[in-house]
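Novice: Next one to model:
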Amino acid sequence: MIWFFDRDGERLRYEISRGRADGGYRVSITQPDGTESIEEVKEPTELIERSVQLMNALRGDGWKVA
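Specialist: Residues are numbered from 1 along each chain as shown. Down below sits the predicted model:
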């Protein structure tokens, strides 16, 4: 799943994907300058909780879903 966020003409990419090796999940955030942060979680409930935290933090920083 991929979401795009906009803020002041900049675009941020937020992606959730399934890990290939262990079946876990991967959350990737690519900043407008191309830097990327990646978090890996094992359980679906952990993924949901972390995703809510990250999206709320992005919204708190002024990012809006595009």
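
Novice: number of nearby residues for Y14?
Specialist: 19 (other CB atoms under 10 Å). Glycine gets a C-beta too; all of them are placed from N, C-alpha and C.

Novice: close enough to count as contact, it and R26?
Specialist: No: assessed by CB atoms under 8 Å, Y14 is found out of contact with R26, at 11.7 Å.

Novice: Tell me which residues are up against stretch 36-54.
Specialist: With CB atoms under 8 Å, 6 or more residues apart in numbering as the test, stretch 36-54 has contacts from 14, 16, 19, 22, 24-31.

Novice: at 7 Å what do you get?
Specialist: Applying CB atoms under 7 Å, 6 or more residues apart in numbering, the set of residues contacting stretch 36-54 from outside is 16, 19, 24-30.

Novice: Extract the CA atoms of that stretch and return them as CSV.
Specialist: Taking C-alpha atoms only, stretch 36-54 is exported to CSV below (Å, rounded to 0.1, in the frame of the first residue of the first chain):
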residue,chain,number,x,y,z
GLU,A,36,14.4,6.9,3.3
SER,A,37,13.6,5.4,6.7
ILE,A,38,12.5,1.8,7.0
GLU,A,39,10.9,0.0,9.9
GLU,A,40,10.2,-3.7,10.1
VAL,A,41,7.4,-5.2,12.2
LYS,A,42,6.4,-8.8,12.7
GLU,A,43,2.7,-8.8,13.6
PRO,A,44,-0.3,-7.2,11.9
THR,A,45,-1.4,-5.6,15.2
GLU,A,46,2.0,-4.0,15.6
LEU,A,47,1.9,-2.8,12.0
ILE,A,48,-1.5,-1.1,12.6
GLU,A,49,-0.4,0.6,15.9
ARG,A,50,2.9,1.8,14.4
SER,A,51,1.3,3.0,11.2
VAL,A,52,-1.3,5.1,13.2
GLN,A,53,1.6,6.6,15.2
LEU,A,54,3.6,7.5,12.1
